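Participant: dropping the sequence and predicted coords here.
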Amino acid sequence: MPVGGSSTTGDLAAIRRRIVGQVVGRERELDLVLAAVAAGRDLVLEGPPGTSKSTLLRAITAEWGIPLVLVEGNADLTPSRLVGHHNPSRVLKEDYSADNFVDGPLLEAMRSGGFLYVEEFNRAPEDTIDTLLTAMAERVISVPRVGVVNAAPTFRVVASMNPYDNIGTTRLSTSVHDRMCRLVVDYQDAAAEREIVTRRAAPVSARVVADAVAVTRRTRERDDIRQGSSVRGAIDLALVATQLCGMRSVAIPDADGVAPPRGLPTDYTAAFLDAMLVSLSGRIHLDDTAFTTAEGILTEIWQDHFLLAPAAAEPG
């Protein structure tokens with residue numbers, strides 16, 4: 001098992017080669033995550049949703065043949081939910097014992113040597129995070145009426161945080177940062193996102209893929225949008241636009257590069273606007289100073305992409 005300091009450079013290089021085809025535009029991040037977990041470190045992945053964080057972890061744990069135990073950080077994630085609990089009906093019959101204890105995700109990951117993946121880490125209560133600190137620092141946890149649980153060598157805590165989300169979150173303590181490596185994960189480039197949408201939304205026209213990725217990426221560039229849509233929005237947009245065009249008997253133009261050509265059929269662009277409104281309006285979060293609606297901003301992005309950008313590209 002190439003984890004926990006026993007791996008060689010050749011082991012990791014071979015693993016990397018087998019995983020790299022499963023993720024798009026994430027070679028550097030794959031290298032760093034692999035190096036950190038192989039070195040026996042716990043890790044925080046900081047980045048917006050839809051940036052392939054869970055995809056990376058699933059690929060790594062699948063390659064190593066260990067579980068990926070997923071838990072969502074929120075106010076309901078108490079220490080008892082994280083660690084586990086005694087089965088109430090059995091307690092009434094048998095009293096408390098190790099046999100009627102039901103493992104929570106932390107103990108499940110520790111016993112199986114899996115990765116405990118905590119999404120929205122900074123939404124978890126402070127006492128819950130303190131429980132994780134003990135498990136990370138000591139690789140062991142003591143459970144009343146159960147005993148001491150030692151983590152298997154491959155156990156890791158991997159957490160994710162969204163840097164754009166500050167509602168209902170808490171500031172992580174120095175103790176947390178001192179025990180975990182940190183990797184900032186940003187959006188892929190446009191070519192990588194087109195490849196992702198092509199894979200996830202196939203079979204979809206290259207024209208639709210190019211337009212979906214272009215307008216979705218523009219939601220991340222405007223000052224009046226606090227957080228734009230992830231590539232998941234582009235995937236949904238490509239799928240919805242394709243279905244809408246088929247239902248309305250609208251011909252999808254052939255792709256010619258990645259920019260919209262001048263003079264796209266108005267029935268196609270009109271259908272694409274409708275698909276944008278339903279696919280992206282719930283995924284963008286406006287800045288507090290914005291004096292418009294999500295639909296208004298998306299309409300402006302549509303106009304910039306389909307009307308202004310092709311005209312600006314024309315000579316003269």
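Facilitator: Alright, I've got the coordinates.
Participant: so Arg26 is in contact with Ser52, correct?
Facilitator: Yes. Contact criterion C-beta atoms under 8 Å: Arg26 and Ser52 qualify, at 5.3 Å. Using the backbone N, CA and C atoms, a C-beta is placed for each residue, glycine as well.
Participant: for these two, indicate the residue with more neighbours.
Facilitator: The neighbour comparison of Arg26 against Ser52 (other C-beta atoms under 10 Å) goes to Ser52, with 25 against 22.
Participant: right, and that one touches Tyr187 too?
Facilitator: No. Ser52 lies out of contact with Tyr187 (C-beta under 8 Å); the separation is 9.6 Å.
Participant: how far does stretch 277-285 sit from its chain's centre?
Facilitator: Distance of stretch 277-285 from the chain centroid (C-alpha atoms, centre = their mean, to the nearest Å) equals 18 Å.
Participant: now do the buried residues in it.
Facilitator: Of the residues in stretch 277-285, 277, 279-281, 283-285 count as buried by neighbour count, 16 or more other C-beta atoms under 10 Å.
Participant: any idea of the mean pLDDT for it?
Facilitator: Averaging pLDDT along stretch 277-285 gives 95.
Participant: before we move on, what about stretch 219-236?
Facilitator: The average pLDDT within stretch 219-236 is 93.
Participant: how far does it stretch from start to finish?
Facilitator: End-to-end distance for stretch 219-236: 15 Å, by C-alpha to C-alpha, to the nearest Å.
Participant: how far off centre is it?
Facilitator: Taking mean C-alpha positions (C-alpha atoms, centre = their mean), stretch 219-236 and its chain are 14 Å apart.
Participant: now do stretch 152-166
Facilitator: Stretch 152-166 sits 11 Å away from the centroid of its parent chain (C-alpha atoms, centre = their mean).
Participant: strands of this structure, residue ranges please.
Facilitator: Secondary structure of the chain (DSSP state E): strands located at 42-46, 68-72, 84-86, 101-103, 115-119, 140-143, 147-150, 156-161, 180-184, 225-227, 285-286.
Participant: distance to Leu264 added to those, as CSV?
Facilitator: Shown next, in CSV, are the strands of the chain (distance: least, C-beta to C-beta, whole Å):
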stretch, distance to Leu264
strand 42-46, 39
strand 68-72, 41
strand 84-86, 57
strand 101-103, 56
strand 115-119, 39
strand 140-143, 60
strand 147-150, 61
strand 156-161, 38
strand 180-184, 37
strand 225-227, 25
strand 285-286, 28
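Participant: now the helices for the chain?
Facilitator: Taking DSSP state H as the test, the helices found in the chain are 9-19, 27-38, 53-64, 79-83, 88-94, 105-112, 126-138, 174-179, 190-201, 206-218, 231-247, 266-280, 294-303, 309-313.
Participant: which one, of the ones you listed, ends up nearest to Glu119?
Facilitator: Smallest distance to Glu119 across the helices of the chain (C-beta to C-beta): 7.8 Å, for helix 53-64.
Participant: break the protein into its domains for me.
Facilitator: 9-184, 190-313 (automatic domain parsing).
Participant: which one of these has the poorest average confidence?
Facilitator: domain 9-184 (a mean of 87).
Participant: report the distance from that domain to the chain centre.
Facilitator: Centroid separation for domain 9-184 versus its chain: 15 Å, with C-alpha atoms, centre = their mean.
Participant: next one: stretch 277-287
Facilitator: Distance of stretch 277-287 from its chain centroid, counting by C-alpha atoms, centre = their mean, is 18 Å.
Participant: what's in contact with that stretch?
Facilitator: 164, 215-216, 219, 223-230, 232-233, 236-237, 240-241, 292-295, 297-299 (C-beta atoms under 8 Å, 6 or more residues apart in numbering).
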